[in-house]
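**Q** quick one: sequence plus predicted model below, questions after.
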Amino acid sequence: MSTVAQGQTGYRASMSTKVVEPSGDAPQPPDNPLGRLDSWQRRHAPVAFVVAVWKKFGDDDGGKLVGHLTYRGFLSLFPLLLVMVTLLGYVLEDRPDLQQDVLGSAVAQFPVIGEQLTQNVESLSGNIWALLIGLGTAAWGGLGVTQAAQHVLASVWNIPRRRRPGFLPRLLRSVLLLVVVGLAVLSTAVLTSLATALDWLGPFARIGLVVAALALNICWFALAFRALTPKGPSWAELLPGAVVAAVGLQVLLIVGTTIVDRQLSGASASYGLFGVVLGLMAWIALLATVFVYAAEVNPVRAQHLWPRSILTAGLTEQDRVVLNAEVEAELRAPHQSLAISYDDETEPAGEDEPESAAAGEEGQGPVEELVRVREPE
């Protein structure tokens, strides 16, 4: 039920947000195999944490976030590579070998299809004004993926839409992220060159360089999460997700080549050049999936959002916290108000409702909007 008071100057509504806390214990899972499995995972913290991350991924429409990030990443990839190639051509004009090392380290993040990427991107040239316009246009096109990444981080932290940054703050954060990505590529190029130079040291040196690259990627991912999240969580709250993202990236670079290679080979036989596009989309989708899951780890750990229930019929306290946050995140205007309750709670006092409605009709004061969120039968 929703009522809004209308006075002579327009519409008025309560500005507060009210969440009705549960009045008793949540229903327990049913006594069947799935219910016993649910009870078991709640009692084991490591398993419960993994289930909580998986559940929150679904609560946040993680599939849509991955799809949006994949689409934006695909559209932004070539403009960003164009900017990189052009800048490298000017900054490292006398060092073509170093240009190839940096560019090779960038396309190495896209195994199998990296060669096609480098062959289809050429640097801009011409007078200074044409160059600046071309670089500006390419950079603007490449900012799409950074905007999508900001939306992902705001969604996983359930930041209300009315509290999310406006256009200029988002643009500044996007530029900052591009700088972080550029520095990450340069550091990767340095490690790659070092690995080539120290190849004679044997496998132990290579293992050490892999560990160093992993530690460096953890730092870059933590910095990227910090730049993208409007809420401004602490470094300690961002570290777990950064570790998961860095390890996930290393695993993809090791085993993802085989996955994309198989898909690309089959697709190329059927679709020719279009198979390269399909392989590129598949690889970006894998990277986006790792990024979103890693981002989900941080709020689950920071807010202790586990254990969660696999079954809707047996909601835990953490389930209620997440569901409340999901609803509150959709508030857009500062004058919106809502109250959330559950079927297993004591009903709110009904005698105050007519008085509030009457006051709203007379325009004598603010009126609460009551939005009931009920679980499926």
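**A** That came through, no problem. Numbering: from 1, shown residues only.

**Q** and the residue lying closest to Val276 once chain neighbours are set aside, what helix or strand is that in?
**A** Closest residue to Val276 apart from its sequence neighbours, by Cβ to Cβ, 6 or more residues apart in numbering: Gln116 at 5.2 Å. Using the backbone N, CA and C atoms, a C-beta is placed for each residue, glycine as well. Gln116 belongs to helix 114-119 when elements are defined using DSSP states H and E.

**Q** can you list contacts of that helix?
**A** 77-78, 81, 103-104, 107-108, 110, 276, 280 (Cβ atoms under 8 Å, 6 or more residues apart in numbering).

**Q** could you redo the last one with a cut-off of 10 Å?
**A** 77-78, 81, 85, 100, 103-104, 106-110, 264, 273, 276-277, 279-280, 283 (Cβ atoms under 10 Å, 6 or more residues apart in numbering).

**Q** select only the buried ones of those in PyMOL?
**A** This is the PyMOL syntax for the buried subset of the contacts of helix 114-119, where burial follows 16 or more other Cβ atoms under 10 Å:
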select buried, resi 77+81+85+103+106+107+109+110+264+276+279+280+283
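
**Q** select from the contacts of helix 114-119 every entry located in helices.
**A** 77-78, 81, 85, 100, 103-104, 106-107, 264, 276-277, 279-280, 283 (DSSP state H).

**Q** what's the farthest-apart pair in those?
**A** Gln100 and Val277 (24.9 Å; Cβ to Cβ).

**Q** which residues touch Gln147?
**A** 68, 72, 76, 167, 170-171, 173-174, 177, 228.

**Q** ok, of those residues, which come out buried?
**A** Buried members of the contacts of Gln147, counted by 16+ other Cβ under 10 Å: 68, 72, 76, 170, 173-174, 177, 228.

**Q** what's the most distant pair in the residues you listed?
**A** His68 and Arg173 (17.0 Å).

**Q** what about Asp97, how many neighbours?
**A** Neighbour count for Asp97, taken as other Cβ atoms under 10 Å: 8.

**Q** quick check: closest non-adjacent residue to the most centrally placed residue in the chain.
**A** Residue closest to the mean C-alpha point of the chain, counted by Cα atoms, centre = their mean, is Val152 at 3.3 Å. Distances taken as Cβ to Cβ, 6+ apart place Leu65 nearest to Val152, at 5.0 Å, with adjacent residues excluded.

**Q** any low-confidence regions in the chain?
**A** 1-28, 108, 112-113, 115, 126, 192-193, 195-201, 256-273, 275, 344-377 (pLDDT under 70).

**Q** and if we set it to 50?
**A** 1-18, 20-24, 346-377 (pLDDT under 50).

**Q** that one: helices as residue ranges?
**A** Going by DSSP H, the chain shows helices at 33-43, 45-59, 62-91, 96-107, 114-119, 128-156, 167-197, 203-228, 235-271, 274-302, 317-328, 352-362.

**Q** can you tell me which of those helices is most buried?
**A** helix 274-302 (a mean of 21; mean count of other Cβ atoms under 10 Å).

**Q** now the angle from it to helix 128-156?
**A** Orientation of helix 274-302 against helix 128-156 (axes from the mean of the first three to the mean of the last three Cα atoms, to 10 degrees) gives an angle of 50 degrees.

**Q** one step back: nearest to Asp94 among the ones in helices among the contacts of helix 114-119?
**A** Gln100 (13.5 Å).

**Q** can you pull the contacts of that closest one?
**A** Contacts of Gln100 (Cβ under 10 Å, 6+ apart): 88, 92, 118, 189.

**Q** tell me how far the first one lies from Leu82.
**A** Noted for Leu88: a distance of 11 Å to Leu82, by Cβ to Cβ, to the nearest Å.

**Q** overlap in contacts of these two?
**A** If you check Leu88 and Leu82 against Cβ under 10 Å, 6+ apart, the residues they both contact are Ser123.

**Q** would you turn the buried ones among the contacts of Gln147 into JSON lines with distance to Ala148?
**A** Shown next, in JSON lines, are the buried ones among the contacts of Gln147 (distance: Cβ to Cβ, whole Å):
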{"residue": "His68", "distance to Ala148": "5"}
{"residue": "Arg72", "distance to Ala148": "4"}
{"residue": "Ser76", "distance to Ala148": "9"}
{"residue": "Arg170", "distance to Ala148": "11"}
{"residue": "Arg173", "distance to Ala148": "12"}
{"residue": "Ser174", "distance to Ala148": "10"}
{"residue": "Leu177", "distance to Ala148": "11"}
{"residue": "Leu228", "distance to Ala148": "10"}
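
**Q** tell me the one among the residues you listed nearest to Ala245.
**A** Leu228 (11.9 Å).

**Q** how near is the closest residue to the closest one other than its chain neighbours to Asn298?
**A** Among residues not flanking Leu228 along the chain, Leu153 sits closest, at 4.4 Å (Cβ to Cβ, 6+ apart). From Leu153 across to Asn298, the span is 9 Å (Cβ to Cβ).

**Q** give me the common contacts of these two.
**A** With Cβ under 10 Å, 6+ apart, Leu153 and Asn298 have common neighbours 225, 229, 233, 238, 241.

**Q** my guess is the last one contacts Leu228, does it?
**A** No. Counting by Cβ atoms under 10 Å, no contact exists between Gly241 and Leu228, whose distance comes to 11.1 Å.

**Q** who touches both of those two?
**A** Joint contacts of Gly241 and Leu228 (Cβ under 10 Å, 6+ apart) are 153, 295.

**Q** quick one on the thing from earlier: which one of the helices of the chain lies nearest to Ala339?
**A** helix 317-328 (10.1 Å).

**Q** redo the contacts of Gln100 as TSV? Include distance to Arg163.
**A** Shown next, in TSV, are the contacts of Gln100 (distance: Cβ to Cβ, whole Å):
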residue	distance to Arg163
Leu88	39
Leu92	43
Thr118	42
Ala189	39
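
**Q** so which of these comes closest to Asp343?
**A** Ala189 (57.8 Å).

**Q** distance of the closest one from Ala205?
**A** 18 Å.

**Q** good, we can wrap up now.
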